[in-house]
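Q: generate coordinates for the sequence data below:
(one chain, ligands or ions: 3)
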Amino acid sequence: MSPAETTIPQGYGKVFSRPQSLSDAPTTYCPGCLHGVATRLIAEVIDELGIKDRTVGIAPVGCAVFLYRFYNLDFVQASHGRACAVATGLKRANSDLMVFSYQGDGDLAAIGTAETVHAANRGENFTVVFINNQIYGMTGGEMAPTTLPGQRTTTTPRGRDVASTGYPLRISEMLAQLDGPRYITRQSLHDAPHIAKSRKALLTAFSNQLEGKGFSMVELVAACPTNFKMSPDKANKWLVEQALPAYPLGDLKVKE
Ligand SMILES: Cc1ncc(C[n+]2csc(CCOP(=O)(O)OP(=O)(O)O)c2C)c(N)n1
Ligand code: SF4
Ligand SMILES: [Mg+2]
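A: Ligands and ions are numbered 1, 2, ... in the order given. Below is the predicted model of the structure:
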């Protein structure tokens, strides 16, 4: 019997179900990975706004490369880092579409920095979801621009040395000082209250686009338990103790 055919016994009610914007395909994320939380939150927001039939997502290269499988939405697969350029083309060609990109820190803050900065500076009317997990997850845990000083990765086995590799790049702070963006916020996915705040931020970002208000980006601080070589629980504790001091949470720009 498929889950859809399961009958609910008398006296019980359904309290949790899959958002319509999510497909029933299993994700390819590791157990405990916060990409899964971000993926679901976006689907919930799209359902809530009733925009499923006009939304187009842009999948990145990274652990979310198969994002198009996980949603019941139209999708475009962008080359590594090019999502904001693809989003610009889609939105300008058809302004009725609701366009969002979903990008990791390798994708958005390394190879795609230029596309992101210029799209933000132009105030393009689409939504960017930026997953800052301080590492290149998909390719085996190399240093990202967001990696913390002293953090061990496969390319910084003795810890990131700022003298030779630079400092953590705070993309949200960078974009917030531009005139173009409407809304830049940084939230975290490490516990339930912060997941609720992240959902609210995503709702604001998509609502801004719906109202034609321009460029919105939601940075979500996340963990990569597999490459951190930690349990998901320990990885979340590490986020609170190590990552959040370097990446303070809150709205960095709200243009009325
Ligand atoms: C042009 C190009 N350069 C490099 C790569 C290799 N590559 C694939 S994913 C990735 C990094 C992904 O890291 P991130 O964007 O942080 O995503 P995560 O896997 O951490 O979610 C790299 C360097 C590629 N696919 N294309
Ligand atoms: S490698 Fe890291 S970021 Fe990628 S799916 Fe696994 S835990 Fe998540
Ligand atoms: Mg990453």
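
Q: now stretch 142-153, how far from the centre of its chain.
A: From the chain centre to the centre of stretch 142-153 is a distance of 19 Å (CA atoms, centre = their mean, to the nearest Å).

Q: and it, anywhere near ligand 2?
A: No: judged by CB under 6 Å from any ligand atom, stretch 142-153 stays clear of ligand 2, getting no closer than 10.9 Å. Quick note: C-beta positions are derived from backbone N, CA and C, even for glycine.

Q: list the buried residues of that stretch.
A: By 16 or more other CB atoms under 10 Å, the buried positions in stretch 142-153 come out as 142-149, 151-153.

Q: so which of those residues also contact ligand 1?
A: Among the buried residues of stretch 142-153, the residues within reach of ligand 1 (CB under 6 Å from any ligand atom) are residue 144.

Q: and of the buried residues of stretch 142-153, the nearest to ligand 3?
A: Nearest to ligand 3 among those, counting by CB to the ion, is residue 144 at 5.4 Å.

Q: now that closest one: which helix or strand?
A: For residue 144, there is no helix or strand it lies in under DSSP states H and E.

Q: thought it was touching residue 106?
A: Yes: with contact defined as CB atoms under 8 Å, residue 144 counts as touching residue 106 (5.2 Å).

Q: shared neighbours of these two, anything?
A: residue 136 (CB atoms under 8 Å, 6 or more residues apart in numbering).

Q: mind listing the strands for the stretch 151-256 of the chain?
A: Per DSSP state E, counting those that start in this stretch, the stretch 151-256 of the chain carries strands over the ranges 183-188, 216-221, 250-254.

Q: closest one to ligand 3 among the ones you listed?
A: Closest approach to ligand 3 among the strands of the stretch 151-256 of the chain (CB to the ion): strand 216-221, 11.0 Å.

Q: contact partners of the closest one?
A: 34, 38, 120, 127-133, 171-172, 175, 181-190, 198, 201-202, 204-206, 208-209, 239, 243-244, 247, 249.

Q: give the partner strands of that strand in its sheet and their orientations.
A: Using DSSP bridges, strand 216-221 pairs in its sheet with strand 127-132 (parallel), strand 183-188 (parallel).

Q: return the most buried member of those strands.
A: Among the strands paired with strand 216-221, strand 127-132 has the highest mean neighbour count (mean count of other CB atoms under 10 Å), at a mean of 28.
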